[in-house]
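K.L.:
predicted structure and sequence below. I'll ask about it afterward.
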Amino acid sequence: MGVDLAGSVKRKTGLAILDGLLNCRYFTVYTDEDIIKIALEEKPEVIVIDAPLSIPRGRKDINDRNGPHFRACDVELRKMGIKFFPITLGPIRMLTERGIKLSKKLSSIGFRVIESYPGGVQDVLKIPRKKNIKGLIDGLKRLGIKGCMDDMNDHEADAATIAYLGFLFVKGLAVPLGDPDEGLLYLPKKLIQS
């Protein structure tokens, strides 16, 4: 299950469920309760969340202005030339807080939760990012994902992207970036082979 989490419950969160045959169903939801309800109904092997699920080592909390701005996984993304917003940026701080809380809730009821970043997955797989939504949907279809329709919104397309990363993770085809003691972010294994 992929969750393209919004920083606020007032904004759209994209959710995608991908089965072992790459059949995709997608939804737009708003609350953590909506996400948890679908997770309990679907019982995915792994839930992949597009939100920072940890803070940089050396920070007391997400609002600490004096600590480091980047986690080890963020530094690795930068070295790879993958563009992202730092978690200390205003709106991303709110997303990080929500992501950490949701991850803890889902983990506490028995789900395996990992972090990924749709833009990074899309860059590694060489498919367009969501600013080219038609290209992104076509790219998802080329990956073999069935059920992605042209009316998908960008949040649902990003959720399908990281649901695909979850599929790769289950197959042993995803690699972690970062430090396990600080927080890992997963990308497709293809990254190492290039």
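P.N.:
Received it, and whenever you're ready, just let me know what you need. The structure displayed is predicted, hence computed values, not measured ones. Numbering: from 1, shown residues only.
K.L.:
rest of the way, CA atoms for contacts and neighbours
P.N.:
Noted.
K.L.:
for the spatially most central residue of the chain, grab phi and psi.
P.N.:
Nearest to the mean C-alpha position of the chain, counting by C-alpha atoms, centre = their mean, stands residue 50 at 2.5 Å. The phi/psi pair for residue 50 (degrees, to the nearest 10) reads phi -90, psi 80.
K.L.:
which parts of the longest helix seen in the chain are buried?
P.N.:
For the chain, the helix that runs over the most residues, judged by DSSP state H, is helix 90-108. Residues 92-100, 102-103, 106 are the ones in helix 90-108 that count as buried (16 or more other C-alpha atoms under 10 Å).
K.L.:
nearest to residue 21, of the residues you listed?
P.N.:
residue 106 (24.5 Å; C-alpha to C-alpha).
K.L.:
tell me the contacts of the closest one?
P.N.:
The neighbours of residue 106, taking C-alpha atoms under 8 Å, 6 or more residues apart in numbering as the test, are 36, 112-113.
K.L.:
so what pLDDT did residue 65 get?
P.N.:
Here the pLDDT value assigned to residue 65 is 73.
K.L.:
and the helices in the chain, which stretches?
P.N.:
Secondary structure of the chain (DSSP H): helices located at 32-42, 72-79, 90-108, 118-125, 133-142, 154-170, 190-193.
K.L.:
as JSON lines, those helices with distance to residue 17 and mean pLDDT would be great.
P.N.:
Listed next are the helices of the chain as JSON lines, based on distance: least, C-alpha to C-alpha, whole Å; pLDDT from 0 to 100:
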{"stretch": "helix 32-42", "distance to residue 17": "8", "mean pLDDT": "97"}
{"stretch": "helix 72-79", "distance to residue 17": "26", "mean pLDDT": "92"}
{"stretch": "helix 90-108", "distance to residue 17": "16", "mean pLDDT": "93"}
{"stretch": "helix 118-125", "distance to residue 17": "15", "mean pLDDT": "96"}
{"stretch": "helix 133-142", "distance to residue 17": "14", "mean pLDDT": "97"}
{"stretch": "helix 154-170", "distance to residue 17": "7", "mean pLDDT": "98"}
{"stretch": "helix 190-193", "distance to residue 17": "22", "mean pLDDT": "51"}
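K.L.:
is it correct that residue 93 is in contact with residue 63?
P.N.:
Yes: using C-alpha atoms under 8 Å, residue 93 makes contact with residue 63 at a distance of 7.3 Å.
K.L.:
sorry, back to before: closest one to residue 8 among the helices of the chain?
P.N.:
Among the helices of the chain, helix 90-108 comes nearest to residue 8, with 7.3 Å by C-alpha to C-alpha.
K.L.:
the closest one to helix 32-42, inter-axis angle?
P.N.:
With axes from the mean of the first three to the mean of the last three C-alpha atoms, to 10 degrees defining the directions, helix 90-108 sits at 40 degrees from helix 32-42.
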